[in-house]
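[1] here is my input; please provide its structure:
(one chain, ligands or ions: 4)
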Amino acid sequence: MFFRKSSPTQPLNSLPCTTKSQSFSKTKETHQWVKFTLFITLCLFLLYFMYPTTITTTTTTTDTTTTTTCDGSTPSFYIYNLPPRFNLDLLKNCENLNIYTNMCPHVKNNGLGQPLSKTSWYTTHQLLAEMIFHARLENHVCRTWDPNQAILFYIPFYGGLHASSMFREANHTLRDSLAVDLIDHVLSLPWWNRHNGKDHFISLGRTAWDFMRSSSGSDFGANILLNLPPVKNMSVLTIERQPWEGENQNGIPYPSYFHPKTKEEMLTWQNKMRQNDRPFLFSFIGGKRKGLGKAKIRDELFKQCNESSLCKLVDCGGGNSKCHQPMEVLSVMMESRFCLQAPGDSFTRRSTFDSILAGCIPVFFSPHTAYSQYHWYLPKYKNMYSVYIEEGGVGEKSNMIEEVLMGIKGVEVEKMREVVIGLIPRVSYAHPNGSDVGFNDAVDVALQGLFFFGYTSRTC
Ligand SMILES: *[C@@H]1O[C@H](CO)[C@@H](O)[C@H](O)[C@H]1NC(C)=O
Ligand SMILES: *[C@@H]1O[C@H](CO)[C@@H](O)[C@H](O)[C@H]1NC(C)=O
Ligand SMILES: *[C@@H]1O[C@H](CO)[C@@H](O)[C@H](O)[C@H]1NC(C)=O
Ligand SMILES: *[C@@H]1O[C@H](CO)[C@@H](O)[C@H](O)[C@H]1NC(C)=O
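    Ligands and ions are numbered 1, 2, ... in the order given. A predicted model of the protein is given here:
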């Protein structure tokens with residue numbers, strides 16, 4: 001079923017690293033030029049990963065890269081024109097896409113949700129990265145309508161919305177059918193064979209776990225999309241990787257609330273975060289959980305925060321409406337120097353990205369909340385932008401979190417905060433209709449990551 005034969009009807013292009021056939025530009029000169037630009041970009045990229053401080057701190061104020069033309073720093077890509085059953089038709093049923101919530105208000109405005117009173121701010125639902133990604137790619141300057149010119153192929157499937165609508169479907173054949181249908185469809189297209197799908201990618205707004213049902217293990221509603229053999233050849237962008245089996249999975253940021261159209265808006269926000277007063281040493285926004293393994297730590301964080309005069313606690317238990325109001329959440333983070341990031345139902349949290357947006361240094365208790373997830377987005381050296389407290393150590397001594405955080409010198413805190421503020425552009429999703437964004441946002445970083453570090457690079 002998955003290995004349906006298809007024969008390419010047109011000469012298919014190669015990736016730039018397979019030197020012998022023609023590359024993604026037409027004339028010899030531009031070919032050379034593009035190659036050169038890509039080479040330079042690759043060097044800069046590698047430099048960034050080796051010395052993230054220098055680049056991060058300089059990009060905060062002097063990043064003048066413009067996205068008005070596709071300048072070679074970002075690969076060109078083709079968007080498959082999928083039958084609407086794989087994306088837009090799903091939205092027609094928005095009342096029933098999520099068993100807990102009516103998604104209709106959230107899927108508005110290309111997935112940004114309802115606008116807030118401030119320009120460029122939206123009540124964005126945390127699980128809609130797949131829609132925002134799609135909208136942003138549709139207007140991206142590096143989009144090409146000619147598959148011959150494309151380096152990457154994007155499959156615009158709203159897999160997360162579909163998965164959450166089927167969590168309670170007991171019949172596995174039915175639950176998996178759209179995923180199976182999708183892969184059948186993609187394999188029938190000639191472009192798959194160019195690199196056995198290794199230049200193809202999807203982006204999912206839910207965690208990888210929701211697409212990795214296995215025959216062993218308990219059934220919590222997942223489908224089998226990411227376990228289908230052809231999908232292992234593709235790159236999968238997801239808000240949470242499966243840290244052990246997800247080698248073709250790459251973490252992308254949860255969407256937060258700020259979706260600027262211009263670089264100026266971004267710079268203004270970054271400056272505001274630099275100048276904000278931060279009276280609280282740390283804060284914790286969250287509810288207690290009932291003794292579940294990985295969420296047990298929450299009770300301890302809750303207790304320690306409540307007992308510390310330097311911590312601001314926002315109790316999200318009992319349906320506290322403040323926890324669902326973007327500006328309430330953000331204002332607490334904006335007044336804090338450190339923000340505790342406890343694992344919740346899964347390892348990762350949207351709150352990590354809210355905290356970066358607020359210039360609040362994240363404190364992690366599991367390596368899988370961020371370090372094993374977002375390689376393209378966060379500096380390699382975790383101490384530059386975050387604090388890690390071993391989960392087992394928390395609570396061994398009362399007030400341990402307070403002590404650890406008090407022990408970090410003021411100048412160190414300033415330095416870390418500057419790195420965090422420098423990350424804001426790359427973890428933000430720019431407004432999809434912004435034509436001249438002027439900074440590299442989460443989508444640009446993903447495209448560059450796919451090209452330089454994703455499966456594409458491994459076809460060389
Ligand atoms: C972007 O523009 C299109 C066409 O004008 C519009 O339908 C869409 O709602 C806009 N998106 C946002 C997020 O404003
Ligand atoms: C599950 O759904 C499939 C496809 O609709 C159907 O053929 C099959 O009989 C169903 N299985 C059960 C156990 O109901
Ligand atoms: C996946 O890639 C391998 C080579 O790495 C290839 O042999 C296989 O046929 C590919 N699968 C599909 C479905 O294209
Ligand atoms: C915080 O601690 C105080 C004093 O120990 C206690 O009375 C209060 O209920 C705690 N607050 C929460 C939200 O647990």
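
[2] any low-confidence regions in the stretch 51-200 of the chain?
    For the stretch 51-200 of the chain, the stretches flagged by pLDDT under 70 are 51-68.

[3] residue in it nearest to ligand 2?
    residue 171 (3.6 Å; Cβ to the nearest ligand atom). C-betas here are computed from N, CA, C, even on glycine.

[4] now that residue: how far from ligand 3?
    To ligand 3, residue 171 is 26 Å away according to Cβ to the nearest ligand atom, to the nearest Å.

[5] phi, psi of that residue?
    Note on residue 171: its backbone torsions stand at phi -80, psi 110 [degrees, to the nearest 10].

[6] residue contacts, it?
    With contact set as Cβ atoms under 8 Å, 6 or more residues apart in numbering, residue 171 has no partners.

[7] do the one 3 residues further on as well
    Under the criterion of Cβ under 8 Å, 6+ apart, the neighbours of residue 174 are residue 166.

[8] could you rerun that using 10 Å?
    Residues near residue 174 by Cβ atoms under 10 Å, 6 or more residues apart in numbering: 166, 223.

[9] is it within a helix or a strand, and which one?
    In the assignment (DSSP states H and E), residue 174 maps to helix 172-187.

[10] now that helix: how far from the chain's centre is it?
    24 Å (Cα atoms, centre = their mean, to the nearest Å).

[11] buried sites along it?
    Neighbour-count burial for helix 172-187, counted by 16 or more other Cβ atoms under 10 Å, picks out 175, 176, 178, 179, 180, 182, 183, 185, 186, 187.

[12] closest one of those to residue 242?
    Distance to residue 242 across the buried residues of helix 172-187 (Cβ to Cβ) is lowest for residue 179, with 16.1 Å.

[13] pretty sure that closest one contacts residue 159?
    Yes: counting by Cβ atoms under 10 Å, residue 159 is a contact partner of residue 179 at 7.1 Å.

[14] shared neighbours of the two, anything?
    Residues touching both residue 179 and residue 159 (Cβ under 10 Å, 6+ apart): 86, 211, 223, 225, 226.

[15] what separation is there between the fourth one and ligand 3?
    Yep, that's residue 225 we're talking about. Counting by Cβ to the nearest ligand atom, the gap from residue 225 to ligand 3 is 14 Å.

[16] ok, that residue - contacts?
    With Cβ under 10 Å, 6+ apart, residue 225 has these contacts: 157, 159, 162-163, 176, 178-180, 182-183, 202, 204, 208, 210-213, 231, 236.

[17] any idea how far residue 84 is from it?
    Per Cβ to Cβ, to the nearest Å, residue 225 is found 18 Å from residue 84.

[18] the closest residue to residue 243 other than its chain neighbours in helix, strand or coil?
    Nearest non-adjacent residue to residue 243, counting by Cβ to Cβ, 6 or more residues apart in numbering: residue 372, 4.4 Å away. Secondary structure, DSSP: H, G, I helix; E, B strand; the rest coil: residue 372 is coil.

[19] how about residue 372, what does it touch?
    Counting by Cβ under 10 Å, 6+ apart, the residues that residue 372 touches are 240, 241, 242, 243, 244, 246, 251, 347, 348, 366.

[20] next: residue 117.
    residue 327.

[21] count of neighbours near the residue nearest to residue 439 when sequence neighbours are not counted?
    Excluding the flanking residues, the one nearest residue 439 by Cβ to Cβ, 6+ apart is residue 425, at 4.4 Å. Look at residue 425: counted by other Cβ atoms under 10 Å, it has 25 neighbours.

[22] could I get the contacting residues of residue 425?
    Applying Cβ under 10 Å, 6+ apart, the residues contacting residue 425 are 59-60, 63, 260, 263, 266-267, 269-270, 437-442, 444-445.

[23] which strand or helix spans it?
    Judged by DSSP H and E, residue 425 forms part of helix 410-427.

[24] quick one: the very next helix or strand once past that helix to helix 410-427, angle?
    Downstream of helix 410-427, the first helix or strand assigned by DSSP H and E is helix 442-452. Calculated by axes from the mean of the first three to the mean of the last three Cα atoms, to 10 degrees, helix 442-452 forms an angle of 80 degrees with helix 410-427.

[25] strands of the protein, start to end?
    Taking DSSP state E as the test, the strands found in the chain are 77-79, 114-115, 122-123, 152-154, 200-204, 235-238, 249-251, 280-286, 311-315, 336-341, 361-364, 387-388.

[26] any chance of those in a markdown table, plus mean neighbour count and distance to ligand 1?
    Converted to a markdown table, those look like this (neighbours: other Cβ atoms under 10 Å; distance: least, Cβ to the nearest ligand atom, whole Å):
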| stretch | mean neighbour count | distance to ligand 1 |
| --- | --- | --- |
| strand 77-79 | 21 | 16 |
| strand 114-115 | 13 | 8 |
| strand 122-123 | 21 | 8 |
| strand 152-154 | 23 | 18 |
| strand 200-204 | 26 | 17 |
| strand 235-238 | 26 | 20 |
| strand 249-251 | 24 | 24 |
| strand 280-286 | 24 | 27 |
| strand 311-315 | 19 | 29 |
| strand 336-341 | 26 | 28 |
| strand 361-364 | 24 | 28 |
| strand 387-388 | 20 | 35 |
